[in-house]
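> any chance you could fold what I've pasted below:
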Amino acid sequence: MESISLEDARRVIAAAEKKAEEIDCPMDIAVVDAGGNLKAFARMDESFVGSIGISIDKAWTSIAFKCRTADLAPLTQSGESIFGLNTTNSGRVIIFGGGVPLVRDGNIVGAVGVSTGTVDQDMEVAEAGAAAFGQ
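Next up, the predicted model:
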């Protein structure tokens, strides 16, 4: 199984940090490998301590379900097909935006998770990190 390198993970974090600085919102940024294991992490000054675990779990959720965490939100609402998904895996599943898979040659090789801002800010910063991976 191909996985993300530490060099690639650091590039993802650097791009995410740059976007977080541009929008003036410090973030907790996590990158996991293809197995969902933490590969790299950065906690920007003034980011929320409570968001450390959330950022890691967003990245883990993204790799575990091979999708953006934002894509899970509509599917997990009351009455929908996977309602309650967020209560599985010891509560580790995050069902709102900020987790993005990292794809190489059509294969998911890792994921980035971002937390501290609004969901839209988290998504913007995570997408910037993911975009840097594709370069």
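> what's the spacing between the longest helix anywhere in the chain and its chain's center?
Taking DSSP state H as the criterion, the chain has its longest helix at helix 6-22. Centre-to-centre, helix 6-22 and its host chain are 12 Å apart (C-alpha atoms, centre = their mean, to the nearest Å).
> how about that helix: buried residues?
For helix 6-22, a neighbour-count test (16 or more other C-beta atoms under 10 Å) marks 8-9, 11-13, 15-17, 19-20 as buried. Any C-beta I mention is one placed from the backbone N, CA and C, and that applies to glycine too.
> what is the nearest of these to residue 38?
Nearest to residue 38 among the buried residues of helix 6-22: residue 9, at 9.4 Å, using C-beta to C-beta.
> what are the phi and psi values for the spatially most central residue of the chain?
Centroid check for the chain by C-alpha atoms, centre = their mean gives residue 113 as the closest residue, at 1.8 Å. Note on residue 113: backbone dihedrals following degrees, to the nearest 10 are phi -130, psi 140.
> wait, it touches residue 101, no?
No. If you go by C-beta atoms under 8 Å, residue 113 and residue 101 don't touch, sitting 10.5 Å apart.
> mutual contacts of these two, please.
Applying C-beta atoms under 8 Å, 6 or more residues apart in numbering, one finds that residue 113 and residue 101 are jointly contacted by residue 62.
> wait, what's in contact with the residue nearest to the centre of the chain?
Residue 113 touches 29-32, 54-62, 69, 94, 98-100, 126, counting by C-beta under 8 Å, 6+ apart.
> circling back to that earlier point, state the next helix or strand along the chain beyond the longest helix of the chain.
strand 28-33 (DSSP states H and E).
> excluding chain neighbours, what is closest to residue 72?
Spatial nearest neighbour of residue 72, chain neighbours left out: residue 95 (4.4 Å); criterion: C-beta to C-beta, 6 or more residues apart in numbering.
> against residue 3, how distant is the one you found?
For residue 95, the distance to residue 3 equals 25 Å [C-beta to C-beta, to the nearest Å].
> so which of these two has more stuff around it?
residue 95 (22 against 19; other C-beta atoms under 10 Å).
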